[in-house]
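Q: this is a predicted model, with the sequence first.
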Amino acid sequence: DAGVTQSPTHLIKTRGQHVTLRCSPISGHKSVSWYQQVLGQGPQFIFQYYEKEERGRGNFPDRFSARQFPNYSSELNVNALLLGDSALYLCASSLGAGSGNEQFFGPGTRLTVL
Amino acid sequence: QKEVEQNSGPLSVPEGAIASLNCTYSDRVSQSFFWYRQYSGKSPELIMSIYSNGDKEDGRFTAQLNKASQYVSLLIRDSQPSDSATYLCAAGASGGYQKVTFGTGTKLQVIP
């Protein structure tokens, strides 16, 4: 079975632009979470979506938004990019919504903001 | 105070030795704990989950949880050079959504 997939792999944007990152969860998984990981830090929780509804949001500004589609894939959108948004963006899928569910990460999207 | 704390390392162990990785957490309502391995430039890979006090073994890996001390550890037996990576500890609080907090990770170096 395929694991979590993410696209694109790498992305270079300039300040002020917006970006859309995509994620497809493991087949059968209904929960998708997004994380931001900057160099030397652990992943930081951005959003969780379960059954197409937002179930949790981390401490990120409103420039960050996401949605989940009927096939459980998800998009993360970031508007008005800042230099500090440069990071590895990770998508993780799990069967259920609760924090006891094991999460499996995709390969990530490396975003560079110039 | 960081919610999940790990020593950043690097922790260096000789090949064949036992590597011991430690993690403490501050949120007493945390119910679930995870260890991930992350190679440089790659995404985290789930190694083990643990939910109850005590030990949980899977192959060369043993996770240990002590909720009273708010302490989680990962032991890697017969360490191999391929185990060299950053190990992330994560804690999940109870609740209806996936509030999982990660530590900053411990870098492990296994010396041949």
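A: Nice, I can see it.
Q: can you report how many residues neighbour B:T24?
A: Neighbourhood size, B:T24 [other Cβ atoms under 10 Å in any protein chain shown]: 19. Any C-beta I mention is one placed from the backbone N, CA and C, and that applies to glycine too.
Q: try A:H10
A: Around A:H10 there are 9 other residues, counting by other Cβ under 10 Å.
Q: so it bridges to which residues?
A: For A:H10, the beta-bridge partners under DSSP bridges are A:R110.
Q: quick one: check stretch A:66-82 for contact with chain B.
A: No. Against chain B, stretch A:66-82 shows no contacts by Cβ under 8 Å from any Cβ of the partner chain, the least distance being 13.2 Å.
Q: contacts for that stretch next, please.
A: Stretch A:66-82 is touched from outside by A:13-25, A:29-30, A:32, A:34, A:46-47, A:49-54, A:63-65, A:85, A:89, A:91, A:93, A:111, A:113, with contacts defined as Cβ atoms under 8 Å, 6 or more residues apart in numbering or on different chains.
Q: can you pull out the strands in chain A?
A: A:5-7, A:10-13, A:19-24, A:31-37, A:44-50, A:53-57, A:64-68, A:74-78, A:87-94, A:104-105, A:109-113 (DSSP state E).
Q: and the first one, what's buried?
A: Going by neighbour count (16 or more other Cβ atoms under 10 Å in any protein chain shown), the buried part of strand A:5-7 is A:Q6.
Q: check which helices and strands that strand is in contact with.
A: Using 3 or more Cβ pairs under 8 Å, 6 or more residues apart in numbering or on different chains; DSSP states H and E as the contact definition, the elements that strand A:5-7 packs against are strand A:19-24, strand A:87-94.
Q: what pairs with it, parallel or antiparallel?
A: Take DSSP bridges as the rule and strand A:5-7 pairs in its sheet with strand A:19-24 (antiparallel).
Q: wait, is B:S82 part of a helix?
A: Yes. Following the definition DSSP: H, G, I helix; E, B strand; the rest coil, B:S82 is counted among the residues of a helix.
Q: which residue sits closest to it, ignoring its sequence neighbours?
A: Nearest-residue entry for B:S82: B:V110, 7.8 Å, with adjacent residues in sequence omitted and distances by Cβ to Cβ, 6 or more residues apart in numbering or on different chains.
Q: beta partners of that neighbour?
A: With DSSP bridges as the criterion, B:V110 is bridged to B:V13.
Q: hmm, who's touching the helix or strand containing B:W35?
A: Per DSSP states H and E: B:W35 is located in strand B:30-38. Strand B:30-38 is contacted by residues A:99-100, A:102-103, A:105, B:21, B:23, B:25, B:44-51, B:61, B:63, B:65, B:70, B:72, B:74, B:83, B:85-94, B:100, B:102, B:105 when judged by Cβ under 8 Å, 6+ apart.
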